[in-house]
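What follows is a predicted protein model with its sequence.
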Amino acid sequence: MDECDSEGLALPIVVPAEIVEVFIDTTESARNAMHTAIGEEKTKVIVISVDSGGCSGYMYDMKIIENPNDESYQEIQFGDVTVLVHNEHSTMLNGLILDYKDSLMGGGFVMENPNANKTCGCGQSFR
């Protein structure tokens with residue numbers, strides 16, 4: 001058997017991600033919506049992240065979780081609401097402007113991202 005014909009396990013290659021200090025801006029309506037979502041739960045935080053998927057390559061994700069007190073997250077304060085962004089997503093989310101729109105069809109957070117080269121019509125997907 002030739003040395004090049006060997007079968008084996010392929011290992012993933014890890015590429016270190018660039019980490020930047022994240023700046024996120026919010027509108028007053030977004031701050032009010034975040035405050036309403038968190039309520040009086042002082043141990044809860046909002047995590048904004050990026051997942052692979054969507055029609056443009058990446059999708060935004062926002063969720064409320066217990067504060068993980070993990071140093072791999074950057075913490076941004078908006079009044080009494082804490083927003084976390086994982087260092088891994090810092091370059092994609094730096095400069096994000098977070099708004100909240102209320103309409104007859106329902107409301108939701110709207111993200112304007114200066115790092116996006118292309119966005120989808122739904123506003124939830126970008127590249």
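Arrived safely.

Need the residue closest to the centroid of this protein.
S49 (1.9 Å; Cα atoms, centre = their mean).

That one bridge partners, please.
D61 (DSSP bridges).

and stretch 61-81, how far apart are its ends?
Start to finish, the residues bounding stretch 61-81 are 17 Å apart (Cα to Cα, to the nearest Å).

ah, wrong one, I meant stretch 60-71
Per Cα to Cα, stretch 60-71 runs 21 Å from first to last residue.

which parts of it are buried?
Neighbour counts over stretch 60-71 (16 or more other Cβ atoms under 10 Å) mark Y60 as buried. (C-beta placed from N, C-alpha, C; glycine too.)

tell me how far that stretch is from the chain's mean position?
Mean C-alpha position of stretch 60-71 versus that of the full chain (Cα atoms, centre = their mean, to the nearest Å) differs by 10 Å.

Kindly report the same for stretch 43-55.
Distance of stretch 43-55 from the chain centroid (Cα atoms, centre = their mean) equals 4 Å.

Pull out the buried positions in that stretch.
For stretch 43-55, by 16+ other Cβ under 10 Å, it's V45, I46, V47, I48, S49, V50, G54.

Now tell me what touches that stretch from outside.
Under the contact criterion Cβ atoms under 8 Å, 6 or more residues apart in numbering, stretch 43-55 has outside partners 24, 34, 37-38, 58-68, 73, 75, 81-86, 89, 92-93, 96, 98, 120, 122, 124-126.

Can I get that stretch in CSV? Just the C-alpha atoms.
The C-alpha coordinates for stretch 43-55 follow below in CSV (Å, rounded to 0.1, in the frame of the first residue of the first chain):
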residue,chain,number,x,y,z
THR,A,43,-29.5,37.7,36.2
LYS,A,44,-30.6,37.6,32.6
VAL,A,45,-28.8,39.0,29.6
ILE,A,46,-29.4,39.3,25.8
VAL,A,47,-26.9,37.6,23.6
ILE,A,48,-26.6,38.8,20.0
SER,A,49,-24.8,36.3,17.8
VAL,A,50,-24.4,35.2,14.2
ASP,A,51,-25.2,31.7,12.9
SER,A,52,-24.5,30.2,9.5
GLY,A,53,-27.6,30.0,7.3
GLY,A,54,-30.2,32.2,5.7
CYS,A,55,-30.3,33.1,2.0
